[in-house]
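Undergrad: pasting a predicted model and its sequence here:
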Amino acid sequence: MQFVVLIHPNWMDNRAPIWIFGFSLAMSFSSMFSGQAAANIAISESGLGEPAQALMAQHENFATFTVWISLVVLIGWLWLYFRFPGNRRVDLVVFAFLLLLTLAVVFTGYFGGELVMRYGVGVGQL
C-alpha cells in the first residue's frame, strides 16, 4: 500500500498503510508468541535432532528480529508522519524500510518452510 501512496499520492489516504502495518504488527506479535510456545513443545515432545533445532533457532531469531524491528519502524513512521506531514521523502524512507522488512519476512518464511518440509516440524501424523 505504501507503494500506491508513492505512485498515486492523492489516490488514497496516506494513513491507511500505517493502520494496516500496525494491525499486521499486532498479528505478528501473536504469531511470534504462539510460535515460541509451539517450538518449546516440538523440542520437548518430539526430540528433534541437532540440525532441526539449529534451524528452528535460526527461524526464531529471524522472526523475533522482524517483529521487533517492525515495531521500531512503526514508531519511527508515526513520529515522521506527525513531525513532517505530507513530506514525500518520508514516504520514500518508509518504503525502503518496508522493503527490508519484506526480505526479513521472506527469509523467516523460508526457514519455517524448511522446518516443515525437511524435518516435518509441526506436521501431525497423517
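TA: Right, received. Where do you want to start? Numbering: from 1, shown residues only.

Undergrad: the helix or strand of the chain with the lowest mean pLDDT: what's the following helix or strand?
TA: Least confident helix or strand of the chain, by mean pLDDT, DSSP states H and E, is helix 2-7 with a mean of 55. Next helix or strand after helix 2-7 toward the C-terminus (DSSP states H and E): helix 16-46.

Undergrad: toward the C-terminus from that following helix, list the very next helix or strand.
TA: helix 50-83.

Undergrad: pLDDT of that following helix, averaged?
TA: Mean pLDDT, computed over helix 50-83, is 90.

Undergrad: pull out the buried positions in the next helix or strand after it.
TA: Following helix 50-83 in sequence order, the next helix or strand is helix 88-119 (DSSP H and E). Neighbour-count burial for helix 88-119, counted by 16 or more other Cβ atoms under 10 Å, picks out 90-91, 94, 97-98, 101, 104-105, 107-108, 111-112, 114-115, 119. C-beta here means a position set from N, CA and C on the backbone, and glycine is covered the same way.

Undergrad: mind giving me the packing neighbours of helix 88-119?
TA: helix 2-7, helix 50-83 (3 or more Cβ pairs under 8 Å, 6 or more residues apart in numbering; DSSP states H and E).

Undergrad: could you dump these into JSON lines and include mean neighbour count and distance to Ser34?
TA: What follows is those, written out as JSON lines (neighbours: other Cβ atoms under 10 Å; distance: least, Cβ to Cβ, whole Å):
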{"stretch": "helix 2-7", "mean neighbour count": "15", "distance to Ser34": "27"}
{"stretch": "helix 50-83", "mean neighbour count": "15", "distance to Ser34": "11"}
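
Undergrad: thanks again, I'm all set now.
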